[in-house]
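> Turn this into a structure:
(2 chains, ligands or ions: 3)
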Amino acid sequence: MTDIFQLDGANIPFEPGQTVMQAALTAGHYIPHLCYHPEFKPHGSCKVCTVKVNGRTAASCTMPAEAGLNVESNIEEMNGLRRTLVQMLFAEGNHFCPSCEKSGNCMLQALGYDLEVHTAGFRHLYPDRPLDASHKDILLDFNRCILCELCVRASAEVDGKDVFALSGRGITKHLIVNAESGLLKDTNIALTDKAMQVCPVGVILPKRVGFSIPIGKRRYDQRPVSAQALDDAPRQADASGSCDVCEGTP
Amino acid sequence: MNAPVKPKLRIATTSLAGCFGCHMSFLDIDERLLTLLDLIEFDRSPLTDIKHCGSCDIGIIEGGICNAENVHVLREFRKNCKTLIAIGACAVTGGLPAQRNHLDLGSCLTEVYLTEPGLAHGHIPNDPELPLPLDKVHPLHEVVKIDYFIPGCPPSGDAIWKFLTDLIAGKTPELGHGLIKYD
Ligand code: SF4
Ligand code: SF4
Ligand code: FES
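Ligands and ions are numbered 1, 2, ... in the order given. Presented below is the predicted three-dimensional model:
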């Protein structure tokens, strides 16, 4: 018997060791996600990928696939939860999309579009998060960080540099730069690093290339994030370690 | 016998801490405005110059809340409009004016009117007619209940058209890919 579970009524085959998310994406079925990236060990922090598994909620990016599971994802109850999570992320940071270089290529924004999020709903916190423009080639805009830890993982696991870390707990949790001065210019980060390519939002930005793709031609102008599931399916990075899925920089 | 004529929906619009871009975008529905005018009529709006909002079916507000007068106008709209819509990034999120929220208001005014080179020896405007600025800029839903939100900076004419026609047809407005935009 081939190992199969059910996702919204469809049969999803899987290989031992795959998570529900990996198997779903491999089979061409999209489950909304933010902190999951096919090349990294799941972090399981954003909870946007939450599904109902045999009636109980679980993060599909960390949930091991098992034969016979009944997984419900595209149902109003789960999409409602996802909407609230996305709204909280918008209210918690400073997301002024009209002036953001990542606009149109941003996964958080694209997810908001897909879920028909018209408002953050909550009170905006408007936190004070100064930029780090110290590096000659790279800008850090902490206002948009969603704490997905992808840059932390990429810098440590792929670049072997440990440039980024998360510090603090709860609402005070924030991204820090691993240098005595706390400034990016005092790290050995390089434009070619994997850490430069993985941020799903507009925090880690190469300088002097903003807004180069005209409105209408950006990644999520073309097709909604849910229609790009296959492009995001789990696969190996090529020999150079580059990942052409990661927004903007192929 | 003729069927009774359906009374037109009465709509009021205003711009608070906004740039009138959303109103301009509203006019971008172009000749569909004529179709719309078969179904609606305008109360207070920059298009009519009526100064106060009467009893209305729909109120559409552009811009966030940055001063005391904004609060009064917003409350007047909430009191008189059955359905209140926040239109555009500023009304929905605070938008551009809210980019001052992490700064101290006093130092903003000092820098703009007193210490910036071009305006040195100026003074901070204090005419009693000027509404007092609020310490922080707020999106509308932080001050009154808002029924619907049309995001975008500004939302396109097509998005506004889709939203209003859904609403007028009694459906829950949905924008969908291409029309929903935060930028
Ligand atoms: S990071 Fe994304 S959601 Fe945040 S301001 Fe930029 S485009 Fe908008
Ligand atoms: S900077 Fe980007 S990649 Fe790093 S934790 Fe924040 S959102 Fe994630
Ligand atoms: S994608 Fe699974 S928790 Fe973030």
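
> what about residue B:92, which helix or strand?
Assessed by DSSP states H and E, residue B:92 sits inside helix B:88-93.

> Name the residues of the helix or strand following that helix that come out as buried.
Next in sequence after helix B:88-93, counting helices and strands by DSSP H and E, comes helix B:105-110. Within helix B:105-110, no residue is scored as buried using 16 or more other C-beta atoms under 10 Å in any protein chain shown. From N, CA and C alone the C-beta is placed, and that goes for glycine too.

> For helix B:105-110, give me every contacting residue.
Residues outside helix B:105-110 that contact it (C-beta atoms under 8 Å, 6 or more residues apart in numbering or on different chains): B:100, B:124, B:133, B:135.

> Not counting its neighbours along the chain, what's nearest the third one?
If I follow you right, that is residue B:133. Leaving aside its sequence neighbours, residue B:133 sits nearest to residue B:67 (C-beta to C-beta, 6 or more residues apart in numbering or on different chains; 4.9 Å).

> quick one: the helix holding residue B:92 to chain centroid distance?
Centroid separation for helix B:88-93 versus its chain: 8 Å, with C-alpha atoms, centre = their mean, to the nearest Å.

> do stretch A:161-168 as well
Its chain's C-alpha centre and that of stretch A:161-168 lie 17 Å apart, by C-alpha atoms, centre = their mean.

> Pull out the buried positions in it.
For stretch A:161-168, a neighbour-count test (16+ other C-beta under 10 Å) marks A:161, A:163-164, A:166 as buried.

> For the residue most central in space within chain A, list the residues it contacts.
Nearest to the geometric centre of chain A sits residue A:34, at 3.2 Å (C-alpha atoms, centre = their mean). Shown in contact with residue A:34 (C-beta under 8 Å, 6+ apart): A:46, A:48-49, A:107-108, A:111, A:146, A:148, A:200.

> ok, whatever residue of chain B ends up closest to ligand 1 - how many residues close by?
Proximity of chain B to ligand 1 (C-beta to the nearest ligand atom) peaks at residue B:182, 5.8 Å away. Neighbours of residue B:182 under the rule other C-beta atoms under 10 Å in any protein chain shown: 25.

> circling back: of all the buried residues of stretch A:161-168, which comes closest to ligand 3?
Closest approach to ligand 3 among those (C-beta to the nearest ligand atom): residue A:166, at 14.3 Å.

> Quickly find the element holding the closest one.
Residue A:166 belongs to strand A:164-167 when assigned by DSSP H and E.

> Restricting to C-alpha, output that strand in PDB.
Output of strand A:164-167 as PDB, limited to C-alpha atoms (Å, rounded to 0.1, in the frame of the first residue of the first chain):
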ATOM      1  CA  PHE A 164      21.900  37.400  12.600                       C
ATOM      2  CA  ALA A 165      20.100  36.200  15.800                       C
ATOM      3  CA  LEU A 166      16.800  36.800  17.500                       C
ATOM      4  CA  SER A 167      17.000  38.300  21.000                       C
END
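
> can you list contacts of it?
A:147, A:149, A:151-152, A:155, A:173-178, A:195.

> where along the chain do the strands fall?
In the absence of a named chain, this looks at chain A. Assigned by DSSP state E, chain A shows strands spanning A:4-7, A:10-13, A:50-53, A:56-59, A:70-72, A:138-140, A:164-167, A:174-177, A:204-206.

> if you could check chain B rather than the one you did, that'd help
Under DSSP E, chain B gives strands at B:9-15, B:40-42, B:56-62, B:65-67, B:81-87, B:133-138, B:148-150.

> Below-threshold pLDDT in chain A: ranges please.
Within chain A, the ranges that satisfy pLDDT under 70 run A:1, A:229, A:232, A:234-250.

> Up against chain B, what does it have?
A:90, A:94-100, A:103-104, A:109, A:112-114, A:116, A:118-121, A:123-124, A:126-129, A:215, A:221, A:223-224 (C-beta under 8 Å from any C-beta of the partner chain).

> from those residues, which are also near ligand 1?
A:95-97, A:100, A:103, A:109 (C-beta under 6 Å from any ligand atom).

> got a winner among those residues for most neighbours?
Busiest of these [other C-beta under 10 Å] is residue A:109, holding 28 neighbours.
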